[in-house]
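Q: pasting the sequence and the predicted model now:
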Amino acid sequence: MTVPPLPLPPVAAPFLLPFHYGALHQVGIDHLVDPGPARDLVARRHPGLEVAEFDSRACVSTNFQLYFAQYANGGGITQEIEVSVITVPRGQAHRVAALSYADYAAGTDSSKLLGIGRLHVLCDNPIAIEAGTKLFAEPKYAARFSVSMPSPNGPDTQTWDVRCLTEDGAELLSLTARLDGLTAVPVHSAPVTGYGTTEDGRLLAGPMNVYQPYRLHLLDAATADRVSVHVTDPSSPAGADLTALLGDASAAGAWTFQSAPIAAHNRPYYLPHAG
């Protein structure tokens, strides 16, 4: 029996797709963990997904994004953290080659069925919260951020320090990646498939294209302590899930992307006095 093609999900007004990023700065931290808690959480949040395994370990990916978008009436800046488990649509794992974590992180999965099953998306922009919820079925809600990150307008460092706060200013969780001196390799892992589950139980898949390579840092026993995700409030929804997922696992990899500067306002100089 031929299965008819599914219709495209509606695009809620006033939003337009694709959504174009004017600039993107991103750091992600991956942990390889016991798959049991991950299976339980994914089964509850996304019944249409199953947990991908890399050498019998699940991958929990926590990433921070700072991005700019230009609109017809101006611009907007958004910061957010996604807490996800790497997943595959239920019953489709046989279509993905057997991959190590290093293979996956390098973008070897050409099928792009391996994607982020989002459990929590904490965000500081109300418009982005509405768009993510309505367009991509993201479990997205309000938060605030305090961030220190590499910048051509700041100190010469490759260290990221991201603190996620409640709207009242209480810290929920933090990400730290001290990548100075660590070897990075360019990887073509995009498009990244993001999965969401609608209120009526339908599974959505939304690819995100990044037009330049990510920079991947594979970590080992000597470097894993340079990168961490710390739960400050284990009673919060994201904190409780991260605590259950991560246990005492060390980070397996960190990946970054930073848009290149497109202009520079240079240092002024004096002109001789006229007259």
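A: Looks like it arrived, so ask away.
Q: tell me the confidence at Val83?
A: The confidence metric pLDDT takes the value 98 at Val83.
Q: give me the element it is part of.
A: Here Val83, judged by DSSP states H and E, is contained in strand 74-89.
Q: who's in contact with Gln212?
A: Remark: with contacts taken as Cβ atoms under 8 Å, 6 or more residues apart in numbering, Gln212 is in contact with Phe257, Ala260. Yep, even glycine has a C-beta here, placed from its N, CA and C like the rest.
Q: residue boundaries of the strands in the stretch 1-150 of the chain?
A: 23-33, 49-51, 58-71, 74-89, 115-123, 140-142, 144-148 (DSSP state E, counting those that start in this stretch).
Q: quick one on the thing from earlier: tabulate the CA atom coordinates of the strand holding Val83 in CSV.
A: This file holds the C-alpha atoms of strand 74-89, laid out as CSV (Å, rounded to 0.1, in the frame of the first residue of the first chain):
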residue,chain,number,x,y,z
GLY,A,74,14.3,46.8,12.8
GLY,A,75,16.5,44.2,14.5
GLY,A,76,16.4,41.9,17.5
ILE,A,77,18.9,39.9,19.6
THR,A,78,18.1,36.6,21.2
GLN,A,79,19.9,34.4,23.7
GLU,A,80,18.8,30.8,24.5
ILE,A,81,19.9,27.5,25.8
GLU,A,82,18.7,24.2,24.4
VAL,A,83,18.8,21.0,26.5
SER,A,84,18.4,18.0,24.1
VAL,A,85,19.0,14.3,23.6
ILE,A,86,20.3,13.1,20.3
THR,A,87,17.4,11.0,18.9
VAL,A,88,16.1,9.4,15.7
PRO,A,89,12.4,8.9,14.6
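Q: give the buried residues for that strand.
A: Judged by neighbour count using 16 or more other Cβ atoms under 10 Å, the buried positions of strand 74-89 are Thr78, Gln79, Glu80, Ile81, Glu82, Val83, Ser84, Val85, Ile86, Thr87, Val88, Pro89.
Q: what pairs with it, parallel or antiparallel?
A: According to DSSP bridges, strand 74-89 has the following sheet partners: strand 49-51 (antiparallel), strand 58-71 (antiparallel), strand 115-123 (antiparallel).
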